[in-house]
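*Asks:* Just need the structure, nothing else, for what follows:
(one chain, ligands or ions: 1)
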Amino acid sequence: MATVKELVADHSRQFSLRGRTFVSVYPVFSRRAGGISVGVNLNLDRGCNFDCIYCQVDRSAPPSPQLPALRELPGIVREELELLFDAISTGEFFSRPPFEDLPENLRLVRDIAFSGDGEPTLSPVFLETARIARDFLSKKTMSGDPPPLRLITNGTGLFSRDLRTKTQEIFLEQGPGEIWLKLDAATPASFDRIDRSHIPFSRMMEGLEEIVLSLPVTLQTMVLDFGSPGSPGSLISDRTFWEPLLERVALWSQKGARIRAWHLYGVARTPALPEVRRVEPSRLLAYAEEARERLPFPVEVFA
Ligand code: SF4
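*Replies:* Down below sits the predicted model:
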């Protein structure tokens, strides 16, 4: 029997149903989505152009040697979505572990989310698979409104205007959908420490600004501490972290950014690096309060 808290902490990609071990699709309970989120993992090799210190993906072990060929992945995703949604509609899904004790009001599919073990927009089959998921949702008969298609991204694939336009069509225009865009840092030092990417900070800020000015997005920021205060390599998300971040978002807002909301969230699942520490909720709430006074869109906390 798993509690809601345990389900929030467990976003395992391992899922099997009716004797089939899933390759890409993985259902989890999402505190931010407020129900079941059906994840789509296109980065089976765990490839990412970031190496976030809070990432829960363990890249120390080699990927499975039995990965399917990339060209087969979109078809696999369709099959897995069909099987999973069939089990949900018959009630089978909620009669088995780990979701069998989920309260009735949380037994809702809140989204199909492209997320997974790396940056989804970098996958060569991202657009093809997203079209398949959209087509699946459009044709599927369900009780109630169909869940949205959600993209959870660090934005780097969307720096390409062409990919951005096609993503907008699939995720935002062909049916209900959202783009959740990561913004973890607004200074070169904190970006280098938190996201550990080879992409220059100035390029990141320029690219993210292009995205927020052209697409409606929900911003998401992980607020964490790393190591003990004063210890070598430590990082504390104090005012030197927070003020540039708020300034950056306020500036984008003044320029006409289409930001729908800003999610500030704390560590909920075990990251790969043990030095990552959860911040006390009061710090997140104080930052959110300050942001609400400056910004014209909702600021939500998931501590
Ligand atoms: S962008 Fe996402 S998948 Fe990539 S390292 Fe960061 S948290 Fe992990």
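*Asks:* Around the ligand, pick out the residues from the stretch 1-150 of the chain.
*Replies:* C48, F50, D51, C52, C55, V57, G118, E119 (C-beta under 6 Å from any ligand atom). C-beta here means a position set from N, CA and C on the backbone, and glycine is covered the same way.
*Asks:* switch the cut-off to 5 Å
*Replies:* Neighbours of the ligand within the stretch 1-150 of the chain, by C-beta under 5 Å from any ligand atom: C48, F50, C52, C55.
*Asks:* where do the helices sit along the protein?
*Replies:* Along the chain, counting by DSSP state H, helices occupy 4-9, 73-90, 126-139, 161-167, 188-194, 201-214, 239-254, 281-294.
*Asks:* distance of the residue sitting furthest away from the middle of the chain from R278?
*Replies:* Within the chain, the residue lying farthest from the chain centre (C-alpha atoms, centre = their mean) is G230, at 31.0 Å. For G230, the distance to R278 (C-beta to C-beta, to the nearest Å) stands at 19 Å.
*Asks:* So E300 is in contact with L285, correct?
*Replies:* No - counting by C-beta atoms under 8 Å, L285 is not a contact partner of E300; they are 10.7 Å apart.
*Asks:* Now the common contact residues for the two.
*Replies:* Common neighbours of E300 and L285 are not found (criterion: C-beta atoms under 8 Å, 6 or more residues apart in numbering).
*Asks:* Next, give phi and psi for the closest residue to F191 other than its chain neighbours.
*Replies:* The shortest distance from F191 to any non-neighbouring residue, by C-beta to C-beta, 6 or more residues apart in numbering, is to A185 (4.1 Å). Here is the backbone geometry of A185 (degrees, to the nearest 10): phi -160, psi 150.
*Asks:* quick one on the thing from earlier: want to try CSV for the residues of the stretch 1-150 of the chain next to the ligand, with pLDDT and neighbour count as columns?
*Replies:* Putting these into CSV (pLDDT from 0 to 100; neighbours: other C-beta atoms under 10 Å) gives the following:
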residue, pLDDT, neighbour count
C48, 95, 20
F50, 97, 20
C52, 94, 21
C55, 92, 21
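*Asks:* out of those, which one sits closest to P27?
*Replies:* C55 (20.6 Å; C-beta to C-beta).
*Asks:* number of nearby residues for L208?
*Replies:* 24 (other C-beta atoms under 10 Å).
*Asks:* what does M222 give?
*Replies:* Neighbours of M222 using other C-beta under 10 Å come to 25.
*Asks:* residues touching the residue lying closest to T153 once chain neighbours are set aside, list them.
*Replies:* Nearest residue to T153, sequence neighbours excluded (C-beta to C-beta, 6+ apart): T121, at 5.4 Å. Residues near T121 by C-beta under 8 Å, 6+ apart: L151, T153, G155, T156, G157, L158, L163, T167.
*Asks:* Please flag which of those residues sit within strands.
*Replies:* L151, T153 (DSSP state E).
*Asks:* I'd like the contacts of T121 laid out as JSON lines, including pLDDT, distance to the ligand and neighbour count.
*Replies:* Output for the contacts of T121, formatted as JSON lines (pLDDT from 0 to 100; distance: C-beta to the nearest ligand atom, whole Å; neighbours: other C-beta atoms under 10 Å):
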{"residue": "L151", "pLDDT": "98", "distance to the ligand": "12", "neighbour count": "27"}
{"residue": "T153", "pLDDT": "98", "distance to the ligand": "8", "neighbour count": "23"}
{"residue": "G155", "pLDDT": "98", "distance to the ligand": "10", "neighbour count": "22"}
{"residue": "T156", "pLDDT": "98", "distance to the ligand": "9", "neighbour count": "22"}
{"residue": "G157", "pLDDT": "98", "distance to the ligand": "11", "neighbour count": "20"}
{"residue": "L158", "pLDDT": "98", "distance to the ligand": "13", "neighbour count": "25"}
{"residue": "L163", "pLDDT": "98", "distance to the ligand": "16", "neighbour count": "16"}
{"residue": "T167", "pLDDT": "98", "distance to the ligand": "16", "neighbour count": "25"}
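*Asks:* for the contacts of T121, which one is nearest L84?
*Replies:* L151 (19.1 Å).
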